Structure formats: C-alpha cells, structure tokens
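Peer 1: the sequence and its predicted three-dimensional model are supplied below.
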Number of protein chains: 2
Amino acid sequence: MSAESPVAVRRPQRADARRNFDALLAAARESFAEQGTDASLEDIARRAGVGIGTLYRNFPTRQDLFETVYIGEIEQLCQTAEDVAGLPPWDALASWLHRFVAYVATKRAIYEALNRDSAMFRTCREEIYRVGEPLMARAQQAGAVRTDVTFDDTVRMISGLMSAGYRDEAQRDRILQVALDGLKRH
Amino acid sequence: MSAESPVAVRRPQRADARRNFDALLAAARESFAEQGTDASLEDIARRAGVGIGTLYRNFPTRQDLFETVYIGEIEQLCQTAEDVAGLPPWDALASWLHRFVAYVATKRAIYEALNRDSAMFRTCREEIYRVGEPLMARAQQAGAVRTDVTFDDTVRMISGLMSAGYRDEAQRDRILQVALDGLKRH
DNA sequence: ACATTAACGGAGGGGTGCCTCCGCTTCAAA
DNA sequence: TTTGAAGCGGAGGCACCCCTCCGTTAATGT
C-alpha cells in the first residue's frame, strides 16, 4: 500500500515509546476486530496498559489509529492473492474469495470499512480491487464466471455474507458455496 | 404472532396517554429503522415530543419498546407470504425473498434482530420461519431448489446480503439474483 | 553519573445517554 | 364544577467516553 495517511503516524524513536506504540496497535487491532470502528479509545489504552495520553500522543485522532491498524490488515489480505496466482482461473478466484471470507469474518471493522466513505477507506478498497479484480477478469475471460456481474458486485456480495451471523463454520461455507455457484456461468 | 412479551406493555386508557403512546411507537419505529437497536431513548422521546419519563412509564425497558415496535413489523412482513401463495414453487419463494429484502433493507434493527439472541428475537425468527419454510420446502420438493441448503441457510444468506451497502437498487437486485441463482438446482 | 528532554499518564472539563423520582398538570367521572 | 388520580416531564445522579493539559518519570547521549 503506497498511500500515505495525511497525518504522519510514525513509530517513535525511544525504546519504551516503541513498546507502547506497538502495544497500542495490538490492543486496537483486537478492539476494532471485536467491537468495530466505535471501540472505546480509553478501553484500547487500558488494554495496552498505557495511559490515555499516550494513545493520543501517538494517534492524535481515532482515524489515525484506525488507519494504521487497518492498512496493516489490508496488506496482509492482499498478499494472499499471490498464493492463488498459479491456480486455474475459477479456482484462483474462488480460493481467494474463500480466504477473503475467512480472514474478514472475524474483523467487524474491516467489513465496516468496505462500506464507509472516507479517503482512506477508498484507498484501501482500491487496493483490494487492484489484487482481486484481475482474478475475476481472468475467470470471466475463461468463461467460468458470468459476465453480468462486476467485481464490485462480488465484493459487496461477499462482504454482506460475511457480516451475517452463522450457526457454525460449516454453515458459512455452505452459504458461500451457494453464492459462488451463483457466480458461475451455467 | 401469538407470543406475548413477558412484560405487559399496554396501550393506556386515557386519551392523552394513548396519543403519547402512539407517538412514542412511531418515533421508535423511525429511530430503530435509521440507527438500529442502539438508538438513543432520549432521542426517541424528543422525536415523539414527550418527556423521557413518559417513555419509561410506557416501556420500562428498551426491550419492551423494541419488542412492541418489532412485533408489528414482523407481522407485516409475514403477511406478504400470503401474496405469493398462488405462484409456482420457485416463483413463490423467489418472490417472497425479494420482498423480504426490499422490506428489511431499510430497517437496520430488523437485520440485527435476526442475528441476536433473546427470547423475543427467537420467537420472531420462528414466526418468519413458519411462513417462509414451507415456501422453500415446496420449491425443493418441486426440484427447483438444491436440497443441500436449509431455509436457515437461505435466510442468513439473504439477511447478510441485505446488510451490505449498495451503489444503487440495481446492484442490490443483481446481487440478489446471483444468490438466488446459486440456490437453484442445476 | 548526570543532564536533557522525550515520553508518560491520569485528573478533569465537557458531552451524551441511562434511568429514577416527584412536584405539577390535566383528564374524566361524578 | 369539582376533585381524585392517572399521567406528565425534566432535573439530577450515575456511568461512560472524548480529548487536553501539565507535573512527573525515565531513557539516552555524553
């Protein structure tokens, strides 16, 4: 991800400060995952074992903190696209979408991010599209996927599916399977 | 819906009190639709043009208020099942699901209700299943719908799809179409 | 070892929401 | 009209969260 956030959030120089920075990031990652974008900042500081002041020094706004966490998550997600590069067109797409689901299912905040409007969210969405869209295009050109849906349709469909609650993993997979079958060209 | 909520929430006797009761219900309906289950009760009272005390007198807990609104909404939704009774198996199911989507898409709270756990939510879910499940069973028996998915799978899939954001109605319909195609027996 | 200064953290002010309580208002039965 | 009581509504106590400020602490370079 090459985009820089407008406010420079940088890892501090001093060792203790770096520890706190990392602890905050880890705590924020957990909190955002569990409670979504609205997680309490004071709670995050508590979890990290630092004062609220330290949180604000490192991340002046909620957005700064969220972006720093979020960019890392997205980078990780996008890298999984490389893993499927060698597969046949349909398998590559399906496999990446499966990972997408498994990965995002536990992170409410990411789901929200896909549907929210802001400069950074847009950037990250673009990043996901940059790695995902070629997979879809390839599958469509190979005649494996219907051509009356866009990649955007697919992502929204999947992200919607992810946000629902499931009885268990098996059900989630079953539903995803149905959706993917719908995507196929018949 | 025959289930009674545990706490008796009753429309008051006095004319002015009845006016307030109805205003509260209308305000709550709007607020829950717009903001979900967490809508501010003080805001609801404000919208209704009554004091917060009046809200609490009529609905001692948030749950009481929400249930009263919600039961009405669900009843309305379930009635649409009658409208499709005469259609062929697949059309009946697809058509009901379409209505389900259109109806619930604007009501965040209902979506949440489908995935939350509580006595009343369970009751309402059962009610939806009571009218929806036969539609699905009929379509499956007619060989129109794959038999490796349950009605529960379908509802969760659809409710997930609904919760996502869409560029426009056309996209929503396109995605729903894909999901329904996946449901079909091929 | 020491001085410098980055970094800490939490008290506190402002805001919002939840819910209770009780003095005042207004309905409606007599 | 009178009057008892049902109903009203908002002040106020509590809890939580946001964010700032500044006196204190401790890491680092010499």
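Peer 2: That came in fine, so what should we check first?
Peer 1: quick one: contacts for the closest residue to DNA strand D within chain A?
Peer 2: Nearest to DNA strand D in chain A, going by C-beta to the nearest atom of the strand, is A:Ala15, at a distance of 3.2 Å. Every C-beta, even on glycine, is put in place using the N, C-alpha and C of the backbone. Applying C-beta atoms under 8 Å, 6 or more residues apart in numbering or on different chains, one finds that A:Ala15 lies in contact with no residue.
Peer 1: need the pLDDT of it.
Peer 2: On pLDDT, A:Ala15 comes in at 93.
Peer 1: ok, now A:Ala170?
Peer 2: 91.
Peer 1: and the helix or strand hosting it, what does it pack against?
Peer 2: Of the helices and strands defined by DSSP states H and E, A:Ala170 is found in helix A:169-183. The helices and strands touching helix A:169-183, judged by 3 or more C-beta pairs under 8 Å, 6 or more residues apart in numbering or on different chains; DSSP states H and E, are helix A:89-104, helix A:151-163, helix B:151-163, helix B:169-183.
Peer 1: one more time with 10 Å
Peer 2: Counting contacts by 3 or more C-beta pairs under 10 Å, 6 or more residues apart in numbering or on different chains; DSSP states H and E, helix A:169-183 packs against helix A:89-104, helix A:119-141, helix A:151-163, helix B:151-163, helix B:169-183.
Peer 1: in chain A, where is pLDDT below threshold?
Peer 2: Residue ranges of chain A with pLDDT under 70: A:1-8, A:105-106, A:110, A:113-118.
Peer 1: the residue lying closest to A:Tyr103 once chain neighbours are set aside is in what secondary structure piece?
Peer 2: Closest residue to A:Tyr103 apart from its sequence neighbours, by C-beta to C-beta, 6 or more residues apart in numbering or on different chains: A:Leu77 at 5.6 Å. Using DSSP H and E, the element containing A:Leu77 is helix A:62-83.
Peer 1: what's the angle between that helix and helix A:89-104?
Peer 2: If you take axes from the mean of the first three to the mean of the last three C-alpha atoms, to 10 degrees, helix A:62-83 sits at 150 degrees to helix A:89-104.
Peer 1: just checking, what packs against helix A:62-83?
Peer 2: Using 3+ C-beta pairs under 10 Å, 6+ apart, helix A:62-83 sits against helix A:15-35, helix A:41-48, helix A:52-58, helix A:89-104, helix A:108-115, helix A:119-141.
Peer 1: distance from the third one to the middle of the chain?
Peer 2: In this case it means helix A:52-58. Offset of helix A:52-58 from its chain centre (C-alpha atoms, centre = their mean, to the nearest Å): 25 Å.
Peer 1: take it, keep the C-alpha atoms, and write them as PDB.
Peer 2: Provided in PDB are the C-alpha atoms of helix A:52-58 (Å, rounded to 0.1, in the frame of the first residue of the first chain):
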ATOM      1  CA  ILE A  52      -4.900   7.600  27.500                       C
ATOM      2  CA  GLY A  53      -2.500  10.400  27.000                       C
ATOM      3  CA  THR A  54       0.000   8.100  25.300                       C
ATOM      4  CA  LEU A  55      -2.600   6.900  22.900                       C
ATOM      5  CA  TYR A  56      -3.400  10.400  21.900                       C
ATOM      6  CA  ARG A  57       0.200  11.400  21.500                       C
ATOM      7  CA  ASN A  58       0.800   8.500  19.100                       C
END
